[in-house]
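Enquirer: coords below, sequence missing:
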């Protein structure tokens, strides 16, 4: 009975459409949008603009091309991983030739659309593309090299994406360094638990990652450490009024930073073998809280709230 229900589910049109969205990393578009949004608002000093949505479209397409490339090079492993049964390559919906066509279509579209902006933006896109190849493609394959897997994700999500948004409106070398360090830390704090949850599977099939090297518990500890480091960086920036932080922002949003540490510790506890459900739930709660706190920060930064 259960097998019949599952068979009907995977053949349902809506489920098929969702697998297409998951295959191109749709759920991770917002992961890239948040640092892009922050970098844009801080540089443009306005909450929205056509360039913001256009730039986000470029990032969404680039994210999708990266996910397709990941599916191509991880096919043999994905066939053994129950959590990757949505992959169109695993299901046989796409051939390898079609997957490569989709990747290059997305990649070239992203590059073509990027020419609307300046050279600095193009350089950021080039950097993100290079990291994508280094992360997935042998003999480099950073995702299987402990430490490099962590750094490459931090550099792409926590540095180059907000930097690309900053470069649309401001000189690239004038980016707020401490603020970007905090973004880097927060994104690594959210990335570490996703590595920890895969430790058992990765060790079973001989996959080398930072988490398999140091263990799931230590990876979860590192996640909490990055949250504390990100909070500390922002508090220091506010105390010394290092752009874009100032005393007003510190007074009105500083308490949220301290609350964030508590939320992280509660919802992403240091388990030796964290479950997928725990990590998924905790990451969503923490990311939602961080997004709300960031939005409040940006509204105060833009003087959109009548406070002293």
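Expert: Done, it's in. Being a predicted model, the structure only gives us computed values, none of them experimental. Residues are numbered from 1 along each chain as shown.

Enquirer: ranges for the helices of the stretch 101-250 of the chain?
Expert: 119-136, 148-155, 161-169, 177-196, 199-204, 210-214, 216-239, 247-267 (DSSP state H, counting those that start in this stretch).

Enquirer: hey, which of those helices is tucked in deepest?
Expert: helix 161-169 (a mean of 26; mean count of other C-beta atoms under 10 Å). Backbone N, C-alpha and C define where each C-beta goes, glycine included.

Enquirer: helices and strands around it, which ones?
Expert: Here helix 161-169 touches helix 29-44, helix 50-73, helix 119-136, helix 177-196, going by 3 or more C-beta pairs under 8 Å, 6 or more residues apart in numbering; DSSP states H and E.

Enquirer: so how far is it off the chain centroid?
Expert: Helix 161-169 sits 16 Å away from the centroid of its parent chain (C-alpha atoms, centre = their mean, to the nearest Å).

Enquirer: redo the helices of the stretch 101-250 of the chain as JSON lines? Include mean pLDDT and distance to residue 286.
Expert: As requested, those are exported to JSON lines (pLDDT from 0 to 100; distance: least, C-beta to C-beta, whole Å):
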{"stretch": "helix 119-136", "mean pLDDT": "95", "distance to residue 286": "24"}
{"stretch": "helix 148-155", "mean pLDDT": "91", "distance to residue 286": "16"}
{"stretch": "helix 161-169", "mean pLDDT": "96", "distance to residue 286": "19"}
{"stretch": "helix 177-196", "mean pLDDT": "91", "distance to residue 286": "7"}
{"stretch": "helix 199-204", "mean pLDDT": "84", "distance to residue 286": "20"}
{"stretch": "helix 210-214", "mean pLDDT": "91", "distance to residue 286": "18"}
{"stretch": "helix 216-239", "mean pLDDT": "93", "distance to residue 286": "8"}
{"stretch": "helix 247-267", "mean pLDDT": "91", "distance to residue 286": "6"}
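
Enquirer: which one of these lies nearest to residue 110?
Expert: helix 119-136 (6.7 Å; C-beta to C-beta).

Enquirer: tell me the contacts of residue 152?
Expert: 131, 134-135, 142-143 (C-beta atoms under 8 Å, 6 or more residues apart in numbering).

Enquirer: kindly apply the preceding question to residue 163 instead.
Expert: 39, 124, 172, 175, 180.

Enquirer: likewise for residue 88?
Expert: Neighbours of residue 88 in contact, by C-beta under 8 Å, 6+ apart: 19-20, 23, 71, 94, 99.

Enquirer: what about it, distance to residue 274?
Expert: Taking C-beta to C-beta, to the nearest Å as the measure, residue 88 falls 28 Å from residue 274.

Enquirer: kindly report the same for residue 91.
Expert: 28 Å.

Enquirer: before we move on, what about residue 182?
Expert: The value you get for residue 182 to residue 274, if C-beta to C-beta is used, is 24 Å.

Enquirer: show me the contacts for the closest residue to residue 113 other than its chain neighbours.
Expert: The shortest distance from residue 113 to any residue other than its chain neighbours is 5.1 Å, reached at residue 58 (C-beta to C-beta, 6 or more residues apart in numbering). By C-beta under 8 Å, 6+ apart, the contact set of residue 58 is 110, 113-114, 125.

Enquirer: mind running it again at 10 Å?
Expert: 36, 109-114, 116-117, 121, 125, 164 (C-beta atoms under 10 Å, 6 or more residues apart in numbering).

Enquirer: so how do I select the buried members of those residues in PyMOL?
Expert: In PyMOL, a selection of the buried entries from those looks like this (16 or more other C-beta atoms under 10 Å):
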select buried, resi 36+109+110+111+113+114+117+121+125+164
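
Enquirer: just the closest of the contacts of residue 58 to residue 199, please.
Expert: Nearest member of these to residue 199, counting by C-beta to C-beta, is residue 36, at 30.2 Å.
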